[in-house]
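J.: A structural model of the following input is requested.
(chains A and B, ligands or ions: 1)
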Amino acid sequence: MSQWIDACAADEIDREDVMRWDHAGRTFALYHSPDGEFFCTDGLCTHENVHLAGGLVMDYVIECPKHNGQFDYRTGEAMRAPVCVNLRTYPVKVEGGRVLVQVG
Amino acid sequence: MTSRDYSLLGEDGRRAVETGLAAAEWYHTDVPRKTMKELMQRSDAPAIRDTLIYYGAMIALAGIGIWLWPSWWSAPFWLAYGVLYGSASDSRWHECGHGTAFRTPWMNNVVYEIASFMIMRNSATWRWSHARHHTDTYIVGRDPEIAVMRPPVLMKLIGNFFGIFDAWAFFNRLFYNAFIGVHPEEKTFVPQSEWPKVVRVARIYLAIYAATVGLAVWMGSILPLMVIGLPRLYGAWHHVMTGLLQHGALADNVIDHRLNSRTVYMNPISRFIYWNMNYHVEHHMFPMVPYHRLPELHAAIRHDLPAPTPSIWAGYREMWPIWLRQLRGEDVFLKRELPPTARPYREDFHAEALGRPQAAAQ
Ligand code: FES
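T.: Numbering: from 1, shown residues only, chains lettered A, B, ... in the order given. I've put the predicted structure just below:
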């Protein structure tokens, strides 16, 4: 079982927003949903390796800043062309005001 | 002039991939996240308002055109209807293809499908070609939407003000897609999972055109074609006029939209027809920003961009002499000067990416 990694303080990400998080040579995207939950996916779009953190969070969808492809960041499901390949997601929990991610 | 191979299966495209010019990281003006987040916000209201005006005007104009037919008094109504059908559909296709016009996805999709049909673009294919245009804007051999090649084919440019070459290419490809399948060039940018859709869309379009022609023959009148099909020819001029300004006579094979795209100030009617795509540098840098927020984005980043071209006329005045020089074989383009407040271009990087020095006209 992989470890929980301390990623950031919960109040570093606004509600309905996304933040880039780099760890151990990899890049991730952390999301704060409109109802206060946190999620984590791979940081790069599966279409053309663009950082999703520059994109727009609308409800539970992250829209990629390059070609407006969309993913459900809770499940990683690709929802709108030109993205066809799902994003990988990672378990997240919040403890003591910190966001912890279990990177596989 | 160094010869360019614009085929997506050709030597220039292969070299662009090899040198990293394809799918490169493009220049972006720094905009605070808070401002950008605000500018990217979606809303249905502006596009619903514009769409009601748009379709409402089309129905009214076509209705009066039919009512006055075949009198010449119907001509101005057809001309106005034609611009909405054969030109405003281009910007609706574009914005709804990006999914930024409306917040609600189905609204974008409905307007996108209708606009694709009117502007004569297979809705399944062109979604992907436009993604490539954004990845590799004016990269020779990679961008399938290069409107003016070098040397420019002036006959084609002029003919397309009446949609002639576009319509010819469209119907050729439509028959190919409907009866043979996806074209090898299309296979380079349309994922395989979408190929059946390309064929299905082509067959639907073909059926609609066949029904319209059938009705015209049955009525013994071209009236049905005045409503469907022909307006893509007699109303095309506005979208070609504005479209050529987007990248015309500017640099190719660069990775900074300030060098290869043009922002032009224009009148409010043209901006309605064009859905603010006159802010073209801004759109390419930040395609997430909906058309109705582009004037604000322009204000936020103009310190980092070349001065906008002041009018459509000024745009043609600067492009025309360059096209003529390119026709004579000169390797020239317009270099956009930056204001002192802007971050400078990476000229070294561009020269390297081109693999050769390139002469600038200004
Ligand atoms: S890079 Fe994300 S949609 Fe193309």
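
J.: Chain B versus A:Met19, what's the distance?
T.: 9 Å (Cβ to the nearest Cβ, to the nearest Å). Just so you know, the C-beta spots here come from the backbone N, C-alpha and C atoms, and that holds for glycine as well.

J.: Next, count neighbours for that residue.
T.: Number of residues near A:Met19 (other Cβ atoms under 10 Å in any protein chain shown) recorded here: 18.

J.: Secondary structure of it: a strand, I assume?
T.: Yes - assigned with DSSP: H, G, I helix; E, B strand; the rest coil, A:Met19 falls within a strand.

J.: Now do the contacts for it.
T.: Residues in contact with A:Met19, defined by Cβ atoms under 8 Å, 6 or more residues apart in numbering or on different chains, are A:8, A:12-13, A:29-30, A:53.

J.: and what of B:Pro308?
T.: Per Cβ under 8 Å, 6+ apart, neighbours of B:Pro308: B:263-265, B:298, B:302.

J.: quick one: contacts for the residue of the stretch 101-250 of chain B found nearest the ligand?
T.: Closest residue of the stretch 101-250 of chain B to the ligand, Cβ to the nearest ligand atom: B:Ala131 (6.2 Å). By Cβ under 8 Å, 6+ apart, the contact list for B:Ala131 reads A:47, A:67, A:81-82, B:189.

J.: burial of B:Glu194, as a residue count?
T.: Counted with other Cβ under 10 Å, B:Glu194 comes out at 18.

J.: middle-most residue in chain B, spatially?
T.: B:Gly243 (5.7 Å; Cα atoms, centre = their mean).

J.: Quick check: it touching B:Ile146?
T.: No - contact criterion Cβ atoms under 8 Å: B:Gly243 and B:Ile146 do not qualify, at 11.5 Å.

J.: How confident was the prediction at residue 76?
T.: All of this is about chain A. pLDDT for A:Gly76: 97.

J.: that answer is for a different chain, and I need it for chain B
T.: According to the prediction, B:Pro76 has pLDDT 98.

J.: Ok, B:Asp348 next?
T.: For B:Asp348, the model assigns a pLDDT of 64.

J.: One more: B:Ala24?
T.: 78.

J.: Compare the contacts of B:Pro308 and tell me which has the most neighbours.
T.: B:Thr263 leads these on contacts (other Cβ under 10 Å) with 26 neighbours.

J.: count of residues packed around the closest residue to B:Gly10 other than its chain neighbours?
T.: Spatially, and ignoring its direct neighbours in sequence, B:Gly10 is nearest to B:Gly141 (5.3 Å; Cβ to Cβ, 6 or more residues apart in numbering or on different chains). By other Cβ under 10 Å, the residues close to B:Gly141 number 24.

J.: list the contacts for A:Ala29?
T.: A:18-21, A:40-43, A:51-53, A:62, A:73.

J.: Report the closest residue of the stretch 201-350 of chain B relative to the ligand.
T.: For the stretch 201-350 of chain B, Cβ to the nearest ligand atom, closest residue to the ligand: B:Pro287, 9.7 Å.

J.: That residue falls within a helix, correct?
T.: No - checked against three-state DSSP, B:Pro287 lies outside a helix; its state is coil.

J.: From B:Ala47, how far off is the closest residue to A:Ala78 other than its chain neighbours?
T.: Spatial nearest neighbour of A:Ala78, excluding adjacent residues (Cβ to Cβ, 6+ apart): A:Asn86 at 5.2 Å. Distance of A:Asn86 to B:Ala47, computed by Cβ to Cβ, to the nearest Å: 29 Å.

J.: Could I get the contacting residues of the residue nearest to the centre of chain B?
T.: When contacts are counted by Cβ under 8 Å, 6+ apart, B:Gly243 touches B:90, B:147.

J.: now stretch A:65-77, how far from the centre of its chain.
T.: What separates the centre of stretch A:65-77 from the centre of its chain is 9 Å, taken as Cα atoms, centre = their mean, to the nearest Å.

J.: Up against the ligand, what does chain A have?
T.: Counting by Cβ under 6 Å from any ligand atom, chain A comes close to the ligand at A:45, A:47-48, A:50, A:64, A:66-67, A:69, A:82-83.

J.: Widest-spaced pair of those residues?
T.: Spanning the widest gap among those are A:Val50 and A:Pro82, at 11.4 Å by Cβ to Cβ.

J.: Looking at these two, which has the bigger crowd around it?
T.: Higher neighbour count among A:Val50 and A:Pro82: A:Pro82, with 25 against 20, using other Cβ under 10 Å.

J.: I'd guess that one is in a strand, am I close?
T.: No - counting by three-state DSSP, A:Pro82 falls outside a strand, being coil.

J.: Check it and give its pLDDT.
T.: Looking at A:Pro82, its pLDDT is 90.

J.: shouldn't it be in contact with A:Lys66?
T.: No - the pair A:Pro82 / A:Lys66 is not scored as a contact, 9.1 Å apart, by Cβ under 8 Å.

J.: Mutual contacts of the two, please.
T.: Common neighbours of A:Pro82 and A:Lys66 (criterion: Cβ under 8 Å, 6+ apart): A:His47.

J.: so how far is B:Pro184 from the residue positioned nearest the centre of chain A?
T.: Centroid-nearest residue in chain A: A:Ala29, 3.3 Å away (criterion: Cα atoms, centre = their mean). Going from A:Ala29 to B:Pro184 by Cβ to Cβ gives 36 Å.

J.: now B:Arg203
T.: Counting by Cβ to Cβ, the separation of B:Arg203 from B:Pro184 is 20 Å.

J.: Who has more neighbours out of those two?
T.: Legend: neighbour count by other Cβ under 10 Å for B:Arg203 and B:Pro184, higher for B:Arg203 (14 against 9).

J.: wait, isn't that one in contact with B:Ala178?
T.: Yes - with contact defined as Cβ under 8 Å, B:Arg203 reaches B:Ala178; the gap is 4.9 Å.
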